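>>> Sharing a model that was predicted from the sequence below.
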Amino acid sequence: MTEIVDVIQNIKTVLNDNLTDMWEVATGNARVTHVFSNDFRLTGTFPKVQILLESDDPSKKQWGNRTNYLESNMVHANIFYYNKPLFKYVASGSLTYEDGGSNDNPSLNRYMLEQIRETLVTATGNGSLTTLNNLRFGSIISTQLDKGNSIYYGYVPITFIINKRLGT
């Protein structure tokens, strides 16, 4: 049976294994993870990625009998990219981003959200994310500055469907 938390964990693993960690690029050091779900904290090293489950809409897809049926869940989540102000990422001569920015925070956030989207599209195509169906992406939300926490953030909404058999 496929559970939503298992699918979120699978997405987290795919991103952690395949998405470039800009902190590692900038420092040359390694860290255990840069992708979080419910274990996210606004402390520690940045940048960070957070997968935040928004809602799920279950519906009965196929009846077997009163206690045995196939349920379809449409799951809505947001994948955030967080970065601290004044961080500049220069490695091997510098990093350049798709929008022509010069390593500034909004440029980095936009670029990394595009990379998150491409990583998940690739993972669905190569079979790394087999437990979800119909992965869809919303528009990337422009980078904002949370002045209280001194953090730049942006996110890309995702929607996907998981099916599971319930009952005996």
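Yes, it's here. Numbering: from 1, shown residues only.

>>> From here on, just use CA atoms for contacts and neighbour counts.
Fine.

>>> list the buried ones in stretch 156-167?
Judged by neighbour count (16 or more other CA atoms under 10 Å), stretch 156-167 contains these buried residues: 156-165.

>>> same check, this time on stretch 114-125
Residues 115-117, 119-120, 123-124 are the ones in stretch 114-125 that count as buried (16+ other CA under 10 Å).

>>> I'd like to know which of the residues you listed is nearest to E3.
Using CA to CA, T124 is the member of those that sits closest to E3, with 17.6 Å.

>>> Next one: that closest one from R41, what distance?
According to CA to CA, to the nearest Å, T124 and R41 sit 28 Å apart.

>>> How about T20?
Remark: distance between T20 and R41 (CA to CA) = 20 Å.

>>> Show me which of those two is the more surrounded one.
Each of T20 and R41 has its neighbours counted (other CA atoms under 10 Å); T20 has more, 15 against 10.

>>> Quick check on that one: phi, psi?
Main-chain torsions, T20, degrees, to the nearest 10: phi -60, psi 130.

>>> tell me the contacts of it?
Contact analysis of T20 by CA atoms under 8 Å, 6 or more residues apart in numbering lists nothing.
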